[in-house]
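A.B. asks: what follows is a protein structure lacking sequence information:
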């Protein structure tokens, strides 16, 4: 005989005979009584079903479409062969990768320096700046691009100031519609994504380490290089990989800069699917984009696990 | 291991440190001689750690100067002061092995590469951690980490070693062992001046050549442990360095005071009859039973402490503590009791705040 639990959690104690084992602890679950009667997989069913319907099914459709040529004929890798052979895809892939890598590198450098200043150089308003970083993360990416357009766009403030001062018909700032403009916008927008984990890591850093390092004769540069940086590496890796994946998939920034010659993979998906109605090609590019993102994420997980992060 | 450097001392010359409008160290004048161990002893917020940080260069004095080996270092950045420092939480660099932690200062000071392994081994040998050179700090116990932190500080052969509550993160048994280790280290490194910040009177009494007692941002007293313990000059010192009975008395004449109406024979120096004073008697110098300077009262508390009994008694409204060798038949609460103390065991202090409270810290 064992004690009987009620659904409300109240327990009715039933005497046990000597030597009878105590009842096992109730497994965590929605309720002590239900967990015994309803198998655990039943509880997992609703979220899995929602996930499958909302995410896995569309993904499967994309995958299916990518191996289904327009002219029918069942499953075929011809769409992949056609897309991989096209110059526009190779250009888009190259542009996407270098923009993502360049932006990530820029974000890491700028984010590390800014986080260092905010965390270790006391200045009036430092805390407000740190809080603004959190707010910045909630901004949509196009907003930053729009702001840059106001400043550096063809009819933006910088060019307006130039033409006012010099009387010239046109200003010198036209880089926003080039890959460099996209790079600037991505670095501007994604840097706080590196700063946030870094600021969290810096707040955990034992200041005693910095003071002891200093007393041992280490100058600021050595302390940053040999004490702060090694401890910030997991945060840098986390922020950097997040930014890299987000840059690979970034669509709004490229669209809003109006850089016609900058075609990234997401832009290629858009133009193939919406402008050219070439769905198999769009799906192939999308699958490649997903594969790169998942591959990079897996690599990050492997590296961070090996590093003990 | 030789220190490799000339003996170096520390001098505070009217050092004041303030954060905003709050003074946290007030006009500190103190000299630590070459090779001397000076303990800064005081409660939390007394300014002792601020004084240490002023020597290290982590706080900039609002007034006054700090001298190291006779050189004014007040404006010198920390990394140019050549000081060894050990802090409460060890502050070892977690990503570096023990040997690399110890080598950190040597590399920072651009010691010739060929010399570094020998110096690291020497420092680790000194603290008994040579066998752990290839481990990471996370693989060491608290006591072992503290030894490594000491080795790291000593590897650069500093003239001055700053110890900021180095044992407070250790349990009682480890602390006792490390205390003996630190005493041994100082014997082996007689040229190193040590500034030792602690709130633990036992650590200060055990290690220090002199103790500077601090309270409320100020230096209250300074002297050898024996002077401060046997002949404290202030009530605060009497209560903070060891335990003390502090009784409010009135000077009755040469060699005599009155505790209420009760005459007591004590050494009286330069106090006018009728003046208020505080009588300090250490609890372990108070005896049970009748004798000179007998104090009769009733027992209010009895604590068994293994080898001793601490008996608290109420004597004419004043609480008196006596640490007595373990009693076969200790008195019960409420029993009448007579305590006494020898004339030469009492110290008369200027009356001050808190007189009459049986003060004391620690066990």
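C.D. replies: Yep, it's here. The shown structure was predicted, so the numbers you read here are calculated from the model rather than taken from an experiment. Numbers count the residues shown, from 1 in each chain, chains lettered A, B, ... in the order given.
A.B. asks: the residue in the stretch 1-150 of chain A that chain B sits nearest to: neighbour count?
C.D. replies: Across the stretch 1-150 of chain A, the shortest distance to chain B (CB to the nearest CB) belongs to residue A:122, at 11.9 Å. C-betas here are computed from N, CA, C, even on glycine. The number of residues packed near residue A:122 is 8, by other CB atoms under 10 Å in any protein chain shown.
A.B. asks: what's the pLDDT at the closest residue to chain A within the stretch 151-300 of chain B?
C.D. replies: With CB to the nearest CB, the shortest gap between the stretch 151-300 of chain B and chain A falls at residue B:156, namely 6.0 Å. pLDDT, residue B:156: 92.
A.B. asks: same check on residue B:67?
C.D. replies: 95.
A.B. asks: other SSEs contacting the helix or strand hosting it?
C.D. replies: If you go by DSSP states H and E, residue B:67 is part of strand B:63-68. Judged by 3 or more CB pairs under 8 Å, 6 or more residues apart in numbering or on different chains; DSSP states H and E, strand B:63-68 is in contact with strand B:10-19, strand B:22-32, helix B:48-56.
A.B. asks: for chain A, what is the nearest residue in the stretch 101-250 of chain B?
C.D. replies: residue B:105 (3.2 Å).
A.B. asks: does any bit of stretch B:46-56 sit next to chain A?
C.D. replies: Yes. Using CB under 8 Å from any CB of the partner chain, we find that stretch B:46-56 touches chain A at residue B:56.
A.B. asks: let me see the residues that make contact with that stretch.
C.D. replies: With contact meaning CB atoms under 8 Å, 6 or more residues apart in numbering or on different chains, stretch B:46-56 is reached by A:211, A:215, B:10, B:12, B:15, B:17, B:24-26, B:28, B:30, B:40-42, B:59, B:61, B:66, B:68, B:78, B:81, B:83, B:85, B:160, B:162, B:164-165, B:195, B:197-199, B:214-218.
A.B. asks: right, and residue B:15 touches residue B:24 too?
C.D. replies: No. Between residue B:15 and residue B:24 there is no contact under CB atoms under 8 Å: 11.0 Å.
A.B. asks: neighbour count winner among those two?
C.D. replies: Taking other CB under 10 Å, residue B:15 and residue B:24 do not tie; residue B:15 has more neighbours (25 against 19).
A.B. asks: leaving out the residues flanking it, which one is nearest to the more buried one?
C.D. replies: residue B:64 (3.7 Å; CB to CB, 6 or more residues apart in numbering or on different chains).
A.B. asks: do you know the pLDDT at that neighbour?
C.D. replies: 96.
A.B. asks: that one and residue B:13 touch, don't they?
C.D. replies: Yes. Using CB under 8 Å, residue B:64 is in contact with residue B:13, at 5.5 Å.
A.B. asks: re earlier: state the distance from the residue of the stretch 1-150 of chain A closest to chain B to residue B:342.
C.D. replies: 58 Å (CB to CB, to the nearest Å).
A.B. asks: stretch B:31-43 - what's its average pLDDT?
C.D. replies: 94.
A.B. asks: domain ranges for chain B, per the record?
C.D. replies: Domains of chain B are assigned by automatic domain parsing as B:10-230, B:242-350.
A.B. asks: and residue B:74, that's in a helix?
C.D. replies: No. Read with DSSP: H, G, I helix; E, B strand; the rest coil, residue B:74 is coil and lies in no helix.
A.B. asks: that one touches residue B:63, doesn't it?
C.D. replies: No. In this structure residue B:74 lies outside contact range of residue B:63 using CB under 8 Å: 10.0 Å.
A.B. asks: show me where pLDDT drops low in the stretch 151-300 of chain B?
C.D. replies: B:270 (pLDDT under 70).
A.B. asks: the helices in it, which residues?
C.D. replies: Applying DSSP state H, counting those that start in this stretch to the stretch 151-300 of chain B gives helices spanning B:172-188, B:201-207, B:225-230, B:235-240.
A.B. asks: for residue 98, give me its contacts.
C.D. replies: Answering for chain A, as no chain was given. Counting by CB under 8 Å, 6+ apart, residue A:98 has no contacts.
A.B. asks: I was thinking of chain B, sorry if that wasn't clear
C.D. replies: B:124, B:129, B:132-137, B:140, B:148.
A.B. asks: now do the same for residue A:26: its pLDDT.
C.D. replies: Residue A:26 is given a pLDDT of 44.
A.B. asks: spell out which parts of chain A neighbour chain B.
C.D. replies: A:206, A:208-209, A:211-219, A:222, A:226-227, A:230-231.
A.B. asks: so what's the closest residue to residue A:283 other than its chain neighbours up against?
C.D. replies: Leaving aside its chain neighbours, residue A:283 sits nearest to residue A:66 (3.7 Å; criterion: CB to CB, 6+ apart). Listed by CB under 8 Å, 6+ apart, the contact partners of residue A:66 are A:79-80, A:280, A:283-284, A:286-287.
A.B. asks: just give me the closest of these to chain B.
C.D. replies: Out of the contacts of residue A:66, the member with the shortest distance to chain B (by CB to the nearest CB) is residue A:287, at 39.6 Å.
A.B. asks: nice, that's everything, thank you.
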